[in-house]
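K.L.:
Okay, predicted coordinates and the sequence, questions at the end:
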Amino acid sequence: MAARILPLLKLATKVTIAGGAVYVACDSGLLGSSEQGAQALEKAKAAVPPALAEWMKYFGLEAQLPTMPKVEFSPVKSWNSGVRWTISNLSEAPTKAAEYSNQGLQYVKDLIK
């Protein structure tokens, strides 16, 4: 009997945690537009250290937390840089193809001589 209940309990726990994470993400605006997501991310960054300190006091843990590292990563900028790289390479493709074809022809001509 316990062998059947344990996997169901684990599954229920995972579903509850995932559902809670999705609810918090939707409620805070992380799943909205990029502007809403950026604002929500800034609010979350500001809320994490106080929440950890409160949680540690609640459980009686008194430890010195290291300072949070500053991470300069913007998903929007990363997306835009990837789009720029792709468009740049696509626009250069005909020129590069002609250049590589000429190099290949020259190589074959040199081999035939």
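P.N.:
Arrived safely, thanks for sending.
K.L.:
For the longest helix along the chain, what does the pLDDT average out to?
P.N.:
The helix that spans the most residues within the chain, counting by DSSP state H, is helix 75-112. For helix 75-112, mean pLDDT is 86.
K.L.:
before we move on, what about stretch 11-23?
P.N.:
Averaging pLDDT along stretch 11-23 gives 74.
K.L.:
quick check: domain ranges of the protein?
P.N.:
What the record gives for the chain is the domain set 1-68, 72-113, from automatic domain parsing.
K.L.:
in the longest helix of the chain, what's buried?
P.N.:
By 16 or more other C-beta atoms under 10 Å, helix 75-112 has no buried positions at all. (Each C-beta comes from the backbone N, C-alpha and C, glycine too.)
K.L.:
let's number from 275 now, not from 1
P.N.:
OK, 275 is where the count begins now, so the last one is helix 349-386.
K.L.:
packing partners for it?
P.N.:
In terms of contacts (3 or more C-beta pairs under 8 Å, 6 or more residues apart in numbering; DSSP states H and E), helix 349-386 is packed against helix 308-332.
K.L.:
Can you give me the neighbour number for A312?
P.N.:
A312 has 16 neighbours, counted by other C-beta atoms under 10 Å.
K.L.:
Quick check, pLDDT for it.
P.N.:
On the pLDDT scale, A312 gets 70.
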